[in-house]
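A.B. asks: predicted structure and sequence below. I'll ask about it afterward.
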Amino acid sequence: MTAIRLHDVHKRFGADHVLAGVSLDVAPGHKLGLIGPAASGKSVLLKLVCGLDQPDRGEIEVLGQSVVGKRESELGELRQRIGMLFQNYALFDFLPVAGNVAFPLEQRGGLAADVIAQRVAARLRAVGLAGSEDKLTGELSGGMKKRVGIARATVADAEIVIYDEPTAGLDPVTTQKIYDLLAEDHARTGATVLAVSSDVVALAKFVDEIAFLYRGHIVYRGPAATIVDAPDPLVRQFVRGELDGPLAEARP
Amino acid sequence: MILDPVFEALGAAALRIAQEVGGIVVMTAQVVRALVPPRIDRRELVKQLYKMGNRSVPIVVLTAFFAGGLMTLQTGPFVKKLGATALAGWGAGYAVLREIGPILIALMFSGRVGANNTAELATMTVTEQLDGLRALAIDPVRFLIVPRVIAMLVMLVALTVIGDLVALTGASVVGRAMLDIEWSTMFHSFADNLRPYDFLHGVYKSIAFGGAIAVSSCYFGVTVRGGAVGVGRAVNAAVVAAATSIMLLDFFLTYLTG
C-alpha cells in the first residue's frame, strides 16, 4: 500500500497547464522532497493531495482513500490524519501562538483541556518557542511563524505531514535548525513526509528521495543524497544553479 | 456595428452581476445548511456579538439622536405654524420608526461592521487562513461565516431598537430646546399616533437589512482575488452591494407590507 498515490493528474488555471499528467507514489514512512522551478505547480500538487483543490483529471489516493470528487464534509476524517505547513504559514491571527497550536486538538475533541495544554507546551518547547505562548502571530518573526506552523502541523501526530517551503526566507542556521526539528519529529512519529523546498541542499539532507517537477511532469526521481550528481542534466543544472544548460534552453 | 462595444460592456456587466448574485445565493444556502444541526462555535459567536454590537453602540446612538432631532427640526416649524404641535411627535416618530431609523442604522452598520468583516475575511483568505482551517478539517462556513451572520442579524435588530428609542429622545430634546414644544406634548403625540406596527415595521426591515449586509460582506470577503488591492476591491464591492440591497429591500418591503 502507498500512503500517497497520484496517477495522471492534470490541473489547469486558464491557459496554463500547470500539471500535465503527474504520477507519483510515496510509501508509508517515506520522505519525498519535491523540487522544480518557480510556478511549476509544486504548491498546487500539495493542495491537491490535501483535497484543498480538485484536479481536472486523474486519480489521487491518500491513505487508501480517493480525494477526487469528494465533498468537504467527506474529506474531514482524512484531513485529520494529515498535517500541513503552508508556504505563508496560514497561522490564525485571531488566536495567540498557543491557541494556534492547540486548535487542531481542540476542534477534534476527545481530549481534556489539561492534556491539550501539556501537548501544546511540549510541542512549543520542541520548536524552541517556550515562553511565546501568549504572543500574537503578528508579533512573530518569519522564522518563529514557521516554527509555530510546524508545531501546529505536527501536534496531532498526523500520519502524513506536508511541508510547503518550510525554510523559505530563513537564514542558513535557522534553516538547519528547522530541518533538524523535522528530522527529530519524523524519527518520533514515522510519518510519511512530502516536502517542497527551493533550498535543495538543505532539503536533500532531510528527505530520502527527491522528485523534479518540470513543465507539468515529474521528469526525475532519485535518491536525495546524490541529487547534486543526478544523471538528468536538467536536474543537475537546477540543483547546481548553473545558468547555462538544457533548463535555460528549454525555458520559453 | 458602432454600438457593439456598448452592448458587450453591458453584457459583461450583467454577467458579472448575475455571478455575484448567484454566489451570494449559494452562500446563503450554505449558511442555512450549516445551521442544521446548529453546531455553532460559541466562543466565536460571543466574540462577534461583542465586536459587532457593543462597539457599534456609540456611533448608532450619535447618528440616531441627530436623525430624530433633524426630523423634528424639519417638521416642527410647519406644525407650529399650523398650530398642530400635537402632530410634531407623530411626524418625527413615524419617519424615524419606519424609514430613517432602520435605513440610517443599517447603512452605518454596513460601513462600520460589514466593511470590517469583509476586510477581515478577505485578509484571512489571501493569507491562506481559510485553507488552513479546511486543512484541519474545519468547515470555514460553519466556523467563521455562520457566527458572523448570526451576530450581524441579532445586533442590527438590537441596534435598531436602541436607535429608535434614542431617535425619539433626540426628536423630543430638539423639539423642547429649539421649538419650545413641551415634553408632554411630544410624548402624547408619540403615544396617541404611533402604532406598535410602526415600530415592528422597522424591526422587520432591520432583519432583512442585517441578512443582506451579513451575507454580502462574508461573500465578498471569502471570494477575494489578489493581495492588498483585492482586499480593497472586496470591501468596496461589499459596501456597494449592501447599500444597494438595503435601498431595494426597503422599497419592496414598504410596498409589500405597507
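C.D. replies: Done, it's in.
A.B. asks: so what pLDDT did residue A:60 get?
C.D. replies: pLDDT, residue A:60: 96.
A.B. asks: please identify the helix or strand for it.
C.D. replies: strand A:57-62 (DSSP states H and E).
A.B. asks: what does residue A:162 give?
C.D. replies: Assigned by DSSP H and E, residue A:162 falls in strand A:160-164.
A.B. asks: can you give me the buried ones in that strand?
C.D. replies: Neighbour counts over strand A:160-164 (16 or more other CB atoms under 10 Å in any protein chain shown) mark A:160-164 as buried. The C-beta positions use only the backbone N, C-alpha and C, and glycine is treated the same way.
A.B. asks: re earlier: what lines up beside the strand holding residue A:60 in the sheet?
C.D. replies: strand A:4-13 (antiparallel), strand A:65-66 (antiparallel) (DSSP bridges).
A.B. asks: re earlier: tabulate the CA atom coordinates of the strand holding residue A:162 in CSV.
C.D. replies: C-alpha atoms of strand A:160-164 as CSV (Å, rounded to 0.1, in the frame of the first residue of the first chain):
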residue,chain,number,x,y,z
ILE,A,160,1.2,12.3,6.6
VAL,A,161,2.9,15.6,7.0
ILE,A,162,3.1,18.1,4.1
TYR,A,163,5.6,20.9,4.3
ASP,A,164,5.4,23.7,1.7
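A.B. asks: packing partners of that strand?
C.D. replies: If contacts are counted by 3 or more CB pairs under 8 Å, 6 or more residues apart in numbering or on different chains; DSSP states H and E, strand A:160-164 sits against helix A:42-49, strand A:82-85, helix A:142-154, helix A:172-189, strand A:192-196.
A.B. asks: need these in CSV with mean neighbour count, mean pLDDT and distance to chain B, can you?
C.D. replies: Listed next are the helices and strands packed on strand A:160-164 as CSV, based on neighbours: other CB atoms under 10 Å in any protein chain shown; pLDDT from 0 to 100; distance: least, CB to the nearest CB, whole Å:
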stretch, mean neighbour count, mean pLDDT, distance to chain B
helix A:42-49, 23, 95, 7
strand A:82-85, 28, 94, 4
helix A:142-154, 24, 90, 8
helix A:172-189, 16, 88, 17
strand A:192-196, 25, 96, 13
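A.B. asks: make CSV from these and add distance to residue B:34 to it.
C.D. replies: Listed next are the helices and strands packed on strand A:160-164 as CSV, based on distance: least, CB to CB, whole Å:
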stretch, distance to residue B:34
helix A:42-49, 23
strand A:82-85, 23
helix A:142-154, 24
helix A:172-189, 33
strand A:192-196, 31
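A.B. asks: which one's the longest helix in chain B?
C.D. replies: Criterion DSSP state H: the longest helix present in chain B is helix B:146-179.
A.B. asks: roughly how far out does the helix or strand following it sit from the chain middle?
C.D. replies: Sequence-wise, the next helix or strand downstream of helix B:146-179 (DSSP H and E) is helix B:183-193. Mean-position distance between helix B:183-193 and its chain equals 29 Å (CA atoms, centre = their mean, to the nearest Å).
A.B. asks: pick out the residue nearest the middle of the chain.
C.D. replies: Assuming you mean chain A. In chain A, the residue lying closest to the centroid (CA atoms, centre = their mean) is residue A:163, at 1.9 Å.
A.B. asks: sorry, should have said chain B
C.D. replies: Note: chain B centre (CA atoms, centre = their mean) maps to residue B:106, 2.6 Å.
A.B. asks: so it is in which element?
C.D. replies: Counting by DSSP H and E, residue B:106 is found in helix B:101-109.
A.B. asks: need the contact partners of that helix.
C.D. replies: B:56, B:59-60, B:63-64, B:67, B:152, B:155-156, B:159-160, B:163-164, B:167, B:202-203, B:205-206, B:209-210, B:213, B:243, B:246-247, B:250 (CB atoms under 8 Å, 6 or more residues apart in numbering or on different chains).
A.B. asks: buried residues in the longest helix of chain B, which are they?
C.D. replies: Those would be B:146-175, B:179, for helix B:146-179 by 16+ other CB under 10 Å.
A.B. asks: please name the nearest non-neighbouring residue to whichever residue of the stretch 1-150 of chain A sits closest to chain B.
C.D. replies: As assessed by CB to the nearest CB, chain B sits closest to residue A:90 within the stretch 1-150 of chain A, at 3.4 Å. Of all residues not flanking residue A:90 in the chain, residue B:132 sits nearest, at 3.4 Å (CB to CB, 6 or more residues apart in numbering or on different chains).
A.B. asks: my guess is that neighbour contacts residue A:92. True?
C.D. replies: Yes: at 6.7 Å, residue B:132 counts as touching residue A:92 under the criterion of CB atoms under 8 Å.
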